[in-house]
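In: Test case, fold it:
(chains A and B)
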Amino acid sequence: MSPKVLLIDDDSDFRAAVRSLLESHGYEVLEAASGHDGLRMVVERKPDAILLDIMMETTVEGYGITHSLKHLDEYAEFRSIPLFMTSSIEESPDERFPMSAEVELIRPDGYLSKPLDIPKLLRLLEKAVGAGRTTTA
Amino acid sequence: MTEPPGPETVVVIDDDYAMRLSCAKILTKMGLRAEAFEDGARGLEGVAISRPAMVIVDLKMPGVSGMEVITRVHEIDPHMVIVVITGYATIDTAVQAMKCGAYDFLPKPFSPDELRMIVNRGLERRRLTLEAQRHEIEQSMLKRRFVTFVSHQLRTPLAAVHQYLDVLKHVDAAGDDPARRQEWLGRCLARIDELQNLIADWLTLARVEGGTLVKERVKVELGRVIAGILKTYQDSAAAEGISLESHLPEDCLFVGGDRNCLTVLFDNLITNAIKYNKPGGTVMVSGSESRGEVVVAVADTGIGIPEKYRPFLFDEFFRIKEDGAKKTGGTGLGLHISKKIVSEMGGAIEVDSVAGAGSTFWVRLPAWRAVPEPAGSPNDAQREANIDRR
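Out: Residues are numbered from 1 along each chain as shown, chains lettered A, B, ... in the order given. Model (predicted):
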């Protein structure tokens, strides 16, 4: 079974491009256009990796989802899914949330700036999904 | 820089027992917290601990001098208001103290009223200073957030285009699908258009804010301006099944303004009315003039604006985060620009809306006659000619 990558991003063009790329590399791609839908799909479909946009024009924004997935008890079983945050602006979370304790609550497994560097993305996903497979096996 | 709650504290430092006690008594009666100290060293300790709003200090004291107290107090808090009491009331010592950072001086002997007055004035000054400082911090935060937001708005379409092209280039090697390639190129062009619109709107806004967009105040007949805009969009609206109707009285809606700005204004309102409409819907523009005011209404039968969003409708970059509205492209600047233009021309813009049934935007502008003409305008000659004819 091909590994599942969930794209949570409100930009449909970005999703279309990345979907096509990942499918051509043997991934199954799931899409969510909002944070709310994204969380629901994590629960329903249990992806092997997540790409999550930081700034979305929806009510639940990126960091809210990271916090839910990494710290809330109701999402405990999804905590180990590799979660990468993407953004077109280079603002680190440490800059955005200057209180260090708070930053720890929203730290994902990695950051990728948009547009995504294709070789880097593919390497990262291969590593993340591979690692996920060995731990679950 | 948050003030402790409760009454403001005033510290009195004076080696004269009767003086510091009577000052403290007056201050307490004013509803303030008073603390009195007999010399500069103790006074400074007190200031460091209780962080008062104001310090009243005698200039001539044994030990740490009044002048030194002023400097040291301002090291603790540069916004603390300092009033000096001086027994040898020469202008020189007072000026010297003010140079050191004192706010004002009280020459001995002074009356309770004089003390009250100077204290009230000093505290008011501190409140204003702190308020201004808070405002400044707020502004810089807003500015920072704005810069982040704008760079995000600008980079998002660019990133999408880049991603498409990069993936096309990458996937090409593994064999391409021509239909998909066409679709993606179309999307790239659409995103570039989006970016160009955003930049154009942003420039317009910068010009409005710089006061350089509303350049002239000439007599403009709105009926003709609006008819021109409606004609431009007639066909594209019809393609969406939307009809454009105009109920404007002929040759009577005269306002004083800038023709380009008025075009931008009504173009924004009419394109919104088309964009947020439903298939088979109508856009109706009507207008009237009464009591020196021209009112134009742009009404649509579209998706409407939920009440909770209406207060933010004219805010910069505001866009409604609802499914129906999100699908349409937009910069979130059109209405903001429109409001600025209307305000610059001395008018007002309002909205009525029923969610799901449509919205009406009302533009009120002073009628041409009601606009005072600037002196030396080219119309002076015309006016003189009119007077001659009388």
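In: Contact residues of chain B facing chain A?
Out: B:148, B:151-152, B:155-156, B:158-164, B:166-167, B:170-171, B:174, B:180, B:184, B:187, B:191, B:319, B:321, B:326 (C-beta under 8 Å from any C-beta of the partner chain). Bear in mind the C-beta positions are built from the backbone N, C-alpha and C, glycine included.
In: Filter the residues you listed down to just the ones in helices.
Out: B:148, B:151-152, B:155-156, B:158-164, B:166-167, B:170-171, B:180, B:184, B:187, B:191, B:326 (DSSP state H).
In: Those, buried ones only, as a PyMOL selection?
Out: With 16 or more other C-beta atoms under 10 Å in any protein chain shown as the criterion, this PyMOL line picks the buried residues out of these:
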select buried, chain B and resi 152+155+156+159+160+161+162+163+164+166+167+170+171+184+187+191+326
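In: where's residue B:26 relative to residue B:110, distance?
Out: Noted for residue B:26: a distance of 10 Å to residue B:110, by C-beta to C-beta, to the nearest Å.
In: Likewise for residue B:361?
Out: 62 Å.
In: Of those two, give the one with the bigger neighbour count.
Out: Neighbour count, other C-beta atoms under 10 Å in any protein chain shown: between residue B:361 and residue B:110, residue B:361 has more, with 25 against 16.
In: which SSE is the more buried one in?
Out: strand B:358-366 (DSSP states H and E).
In: tell me what that strand is packed against?
Out: Applying 3 or more C-beta pairs under 8 Å, 6 or more residues apart in numbering or on different chains; DSSP states H and E, we find strand B:358-366 packed against strand B:254-257, helix B:259-275, strand B:293-300, helix B:334-344, strand B:348-354.
In: Try it again at 10 Å.
Out: When contacts are defined as 3 or more C-beta pairs under 10 Å, 6 or more residues apart in numbering or on different chains; DSSP states H and E, strand B:358-366 packs onto strand B:254-257, helix B:259-275, strand B:282-290, strand B:293-300, helix B:334-344, strand B:348-354.
In: quick one, which of the ones you listed is packed in tightest?
Out: Mean neighbour counts were compared across those using mean count of other C-beta atoms under 10 Å in any protein chain shown; the top stretch is strand B:254-257, at a mean of 24.
In: Give me the below-cutoff pLDDT ranges for the stretch 151-300 of chain B.
Out: Counting by pLDDT under 70, the stretch 151-300 of chain B has low-confidence residues at B:172-176, B:211-215.
In: Now with 50, please.
Out: The model of the stretch 151-300 of chain B has no residue with pLDDT under 50.
In: related to what we said a few turns ago, buried ones in the strand holding residue B:361?
Out: B:358-363, B:365-366.
In: In CSV: these, plus pLDDT and distance to residue B:141.
Out: What follows is the buried residues of strand B:358-366, written out as CSV (pLDDT from 0 to 100; distance: C-beta to C-beta, whole Å):
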residue, pLDDT, distance to residue B:141
B:358, 90, 38
B:359, 92, 33
B:360, 93, 36
B:361, 95, 32
B:362, 94, 34
B:363, 93, 33
B:365, 92, 35
B:366, 89, 37
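In: Go through those and name the one nearest residue B:56.
Out: residue B:366 (53.7 Å; C-beta to C-beta).
In: what sits against that closest one?
Out: Contacts for residue B:366 were tallied using C-beta atoms under 10 Å, 6 or more residues apart in numbering or on different chains; they are B:255-257, B:292-294, B:345-347, B:372.
In: Tell me what it is bridged to.
Out: When bridges are called by DSSP bridges, residue B:366 pairs up with residue B:293.
In: gap between it and chain A?
Out: Residue B:366 sits 37 Å away from chain A, going by C-beta to the nearest C-beta, to the nearest Å.
In: Now do the SS call for the closest residue in space to residue B:241 that isn't next to it in sequence.
Out: In space, and not counting its chain neighbours, residue B:241 is closest to residue B:279: 4.3 Å by C-beta to C-beta, 6 or more residues apart in numbering or on different chains. Secondary structure for residue B:279, judged by DSSP: H, G, I helix; E, B strand; the rest coil, is coil.
In: burial of residue B:279, as a residue count?
Out: Counted with other C-beta under 10 Å, residue B:279 comes out at 7.
In: what's the weakest-modelled helix or strand in chain A?
Out: helix A:93-96 (a mean of 60; mean pLDDT, DSSP states H and E).
In: What distance do you get for residue B:219 to chain A?
Out: Relative to chain A, residue B:219 is positioned 42 Å away (C-beta to the nearest C-beta).
In: Please, which helix or strand holds residue 36?
Out: All of this refers to chain A. helix A:35-45.
In: let's do chain B instead
Out: Going by DSSP H and E, residue B:36 is part of strand B:33-37.
In: Whichever helix or strand comes after that strand - contacts with which helices or strands?
Out: Per DSSP H and E, the first helix or strand lying C-terminal to strand B:33-37 is helix B:40-50. With contacts taken as 3+ C-beta pairs under 10 Å, 6+ apart, helix B:40-50 sits against strand B:9-13, strand B:33-37, strand B:54-58, helix B:66-76.
In: Render the CA-only coordinates of helix B:40-50 in CSV, please.
Out: Extracted in CSV, the C-alpha atoms of helix B:40-50 (Å, rounded to 0.1, in the frame of the first residue of the first chain):
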residue,chain,number,x,y,z
GLY,B,40,17.6,62.0,48.9
ALA,B,41,19.0,58.6,49.6
ARG,B,42,15.9,57.3,51.4
GLY,B,43,13.7,59.0,48.8
LEU,B,44,15.4,57.2,46.0
GLU,B,45,15.0,53.9,47.7
GLY,B,46,11.3,54.7,48.1
VAL,B,47,11.0,55.7,44.5
ALA,B,48,12.7,52.4,43.4
ILE,B,49,10.3,50.4,45.4
SER,B,50,6.9,52.1,44.9
